[in-house]
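# need a structure here:
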Amino acid sequence: MAEGPRRAGGDPDPMERYFRPRDDGLGGAGGDDEEDIEGVTVDGMPAPRVAVEGPRGPRRPGPGLSRRAALAARRQRRFLMLTGAISAMVLATSGGAWAFQNYVTGMIDSISVGGLDGGGPKGPLTVLVAGVDRRDGLTREQQRAAKLGHEPGERSDTMMLLHISRDHDRVTIVNLPRDSLVTIPAHRSNGSEGAKGARIPSRPGKLTWAYQFGGPDLTVETIKQATGVSIDHYVEVNFYGFVSMVDALGGVDVCTERPINDTKSGLVLPAGKSHVDGLKALGFARARYSLTDGSDLGRIDRQQQFIASMMKQALSTRTLSDPRKSTRFLNAALKSLRVDKELAEDLPELAEQMKNLSTDNLTFAKVPLANSDHPATLWNTTSPQSTVLWDQRQAGELFDKIRRDRPVGSGTPSPAPPSPTKPAGPTVPPEDVRVSVLNAIGTPGLATRAGGELRRIGFRATVVPGVARRGLQETTIQYGPSRAEEAKTLAAAIPGARLKKIPSLGSRVQVMVGADWKGAEDVDVAPSPSPSASPRHLETGTATEKLCK
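Residues are numbered from 1 along each chain as shown. This next block holds a predicted model:
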């Protein structure tokens, strides 16, 4: 007979001997070293030893028992069953949440990510979700089937901002095109841009490069600068997890208006609706070169459709009522994720708060674009590369709604109405303007005093410690391309300040306090244009609208 479970020291579990058959003349097979163990007594009488017959043994005491002993044995069996049922109920009602939390936190892989703003499981949260080109867990055969290749290094294939509303009853997902032209902040080289540890200056590049050159830390910093949105948490999903989660659900439905035969991803699908497994779902989400002229934008549409389909499948009665399927999906999801350490601790409570969400509560939004094929000559080549250029004004409006925890709306783009006459004065209230205040002259305490005066009249001012520069005579308001209106409000509050647009600031506004600082004044804000005079709607849609019809 195989030896029983062992303890950490290697000795057999001492409790195991109570469950082994004993050599008692009835066909037992106990070891020679076993002690004589007293059997259970019922009403003072020793319980009989029953021979094991087949894999399950007899269901009830044999006919040789006295009526009194048989009745006592049945009572004991009923008592043990009742005790077990009560124990299970207590665990489920009082200890279930604790057990689930320990299970989740034990399974999930947590990492340290710099630059996160943090946030507990309550209140609004913004999470950066990165789909990463890592092959961990995939066999060579799976890599060949998925056409993943074997290039060294890691790359982010997909990036999304996931915003959870204050009451956790609404989720907004903004897909960020991987080829977006952004400014990648200064950082230390990881070896892919020259000598490891060398100082790399801030310079323009594609958004996907941020992960390749600096991992999660540089990616978080780049997106915060490009969008002006605080990022509380970070979630990373690898290719293997993507495949495993779909397979755990038994596949998902996808649909396409025309047949797909994408040589790069290896995906072949007919027109219409198809039920696909994990590898085909991966190809569907990654297909690019044979569809939509190789742009990243058509792929975003398919990724949104896939997420909606997987959410519907995961929340369906067929999944939730099937313990094996729901457990497989949970295990696959936990094994596929890497999250920041704080989120790893808060994930069970956050999941509990969002358990009633449906596909109607999930809204997708696209970043408004000025040019989906913008030629840009970047630092690593002498010839122009195709990049995605954001419409800074409309993208600013989208990210402003995310910052303020407001719904991004729904609907497809409509033609822009005639432009209204712009008010001559500022239109953005001070309380909606977030500004950094820097000392640019060197006078001790000047930035602190300026920040306090700006806060007094309503601005959300943050004082940057230290001295940014010395000798600046004229106070200067510096702003990114999407923050002209906020800068106008600041200029009205700081008489004599000079305005200066700096593209590398992205969605930020800052005041360089100079020698001429004389204080801040209250601002009169002109009424905002009516909704009918607003620019065309953001391109959004709920997950329900993305599902195959």
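# which stretches of this protein have low pLDDT?
By pLDDT under 70, the low-scoring segments of the chain are 1-105, 133-157, 239-240, 265, 288-297, 320, 409-424, 526-537.
# could you redo the last one with a cut-off of 50?
Where the chain drops to pLDDT under 50, the residues are 1-39, 42-43, 52-58, 82-98, 152-153, 293, 411-422, 530-536.
# show me where the protein has helices.
Taking DSSP state H, the helices of the chain run over residues 67-90, 96-107, 140-145, 207-227, 239-248, 278-286, 296-314, 317-320, 323-336, 341-353, 392-403, 446-456, 484-493, 543-546.
# mean neighbour count added to those, as TSV?
Placement of C-beta: from N, CA and C, glycine included. Converted to TSV, the helices of the chain look like this (neighbours: other C-beta atoms under 10 Å):
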stretch	mean neighbour count
helix 67-90	12
helix 96-107	13
helix 140-145	13
helix 207-227	23
helix 239-248	23
helix 278-286	24
helix 296-314	21
helix 317-320	12
helix 323-336	16
helix 341-353	17
helix 392-403	20
helix 446-456	19
helix 484-493	21
helix 543-546	20
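# with respect to His233, which of those helices lies nearest?
Closest approach to His233 among those is made by helix 341-353 (4.2 Å; C-beta to C-beta).
# which strands or helices does that closest one pack on?
In this structure, helix 341-353 packs against helix 96-107, strand 109-111, strand 233-238, with contacts taken as 3 or more C-beta pairs under 8 Å, 6 or more residues apart in numbering; DSSP states H and E.
# now with 7 Å?
With contacts taken as 3 or more C-beta pairs under 7 Å, 6 or more residues apart in numbering; DSSP states H and E, helix 341-353 sits against helix 96-107.
# ok, back up a step: any chance of the helices of the chain in TSV with distance to Gly514 as columns?
Formatted as TSV, the helices of the chain follow (distance: least, C-beta to C-beta, whole Å):
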stretch	distance to Gly514
helix 67-90	69
helix 96-107	51
helix 140-145	58
helix 207-227	24
helix 239-248	52
helix 278-286	51
helix 296-314	43
helix 317-320	62
helix 323-336	52
helix 341-353	39
helix 392-403	27
helix 446-456	9
helix 484-493	14
helix 543-546	50
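# so which of these comes closest to Glu521?
Comparing these by C-beta to C-beta, helix 484-493 comes nearest, at 5.7 Å.
# what's next to that closest one, contact-wise?
425-428, 430, 433, 435, 457, 477, 479, 497, 499, 509, 511, 520-521, 523 (C-beta atoms under 7 Å, 6 or more residues apart in numbering).
# recalculate using a threshold of 6 Å.
Residues outside helix 484-493 that contact it (C-beta atoms under 6 Å, 6 or more residues apart in numbering) are Pro426, Thr427, Val428, Val433, Ile477, Tyr479, Ala497, Leu499, Val509, Ala520, Glu521, Val523.
# in TSV: those, plus distance to Asp346.
TSV is the format used below for those (distance: C-beta to C-beta, whole Å):
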residue	distance to Asp346
Pro426	39
Thr427	38
Val428	33
Val433	31
Ile477	38
Tyr479	35
Ala497	42
Leu499	42
Val509	31
Ala520	39
Glu521	43
Val523	39
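# tell me the one of these nearest Val235?
Nearest member of these to Val235, counting by C-beta to C-beta, is Val509, at 29.0 Å.
# state the distance from that closest one to Ala520.
Relative to Ala520, Val509 is positioned 14 Å away (C-beta to C-beta, to the nearest Å).
# more neighbours: which of these two?
Ala520 (25 against 22; other C-beta atoms under 10 Å).
# just list the residues touching that one, thanks.
Contacts of Ala520 by C-beta under 6 Å, 6+ apart are Glu453, Leu454, Ile457, Ala493, Ile494.
# which residue packs closest to it, ignoring adjacent ones?
Glu453 (4.3 Å; C-beta to C-beta, 6 or more residues apart in numbering).
# got it, and Pro201?
Nearest residue to Pro201, sequence neighbours excluded (C-beta to C-beta, 6+ apart): Ala186, at 5.3 Å.
# burial count for that neighbour?
Neighbours of Ala186 (other C-beta under 10 Å): 12.
# buried stuff in stretch 462-473?
For stretch 462-473, the neighbour count (16 or more other C-beta atoms under 10 Å) marks Val463, Ala468, Leu472 as buried.
# adding distance to Asn361, write those residues out as a markdown table.
Shown next, in a markdown table, are those (distance: C-beta to C-beta, whole Å):
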| residue | distance to Asn361 |
| --- | --- |
| Val463 | 39 |
| Ala468 | 44 |
| Leu472 | 49 |
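# Arg258 reaches Ala271, doesn't it?
Yes: contact criterion C-beta atoms under 6 Å: Arg258 and Ala271 qualify, at 5.1 Å.
# re the thing from before, just so I know, which of the helices of the chain lies nearest Pro384?
helix 207-227 (16.2 Å).
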